[in-house]
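Asker: All I have is the shape, not the residue letters:
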């Protein structure tokens with residue numbers, strides 16, 4: 001199950017809550033992002 005975070009209040013929101021409503025349950029913000037589980041390193045050539 002994926003977890004999302006609110007950009008404004010930094011609260012964790014689970015995937016089931018996102019399917020019901022697109023806004024943050026705590027502050028009402030529309031900007032929610034999915035956290036990455038692993039970091040990605042990119043090397044310049």
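Answerer: Great, that's in hand. Nothing here was measured: the structure is a model prediction, and the numbers come from that model. Residues are numbered from 1 along each chain as shown.
Asker: what's the weakest-modelled helix or strand in the chain?
Answerer: helix 15-20 (a mean of 80; mean pLDDT, DSSP states H and E).
Asker: Return the set of buried residues in the next helix-or-strand element following that helix.
Answerer: Counting by DSSP states H and E, the next helix or strand C-terminal to helix 15-20 is strand 32-34. Across strand 32-34, burial judged by 16 or more other Cβ atoms under 10 Å covers residue 32. Quick note: C-beta positions are derived from backbone N, CA and C, even for glycine.
Asker: quick one: strands adjacent to strand 32-34?
Answerer: strand 3-6 (antiparallel) (DSSP bridges).
Asker: Identify the bridge partners of residue 5.
Answerer: residue 12, residue 33.
Asker: Correct me if wrong: it contacts residue 32.
Answerer: Yes: using Cβ atoms under 8 Å, residue 5 is in contact with residue 32, at 7.0 Å.
Asker: okay, and the common contacts of the two?
Answerer: residue 13 (Cβ atoms under 8 Å, 6 or more residues apart in numbering).
Asker: circling back: gap between the least confident helix or strand of the chain and the chain center?
Answerer: 11 Å (Cα atoms, centre = their mean, to the nearest Å).
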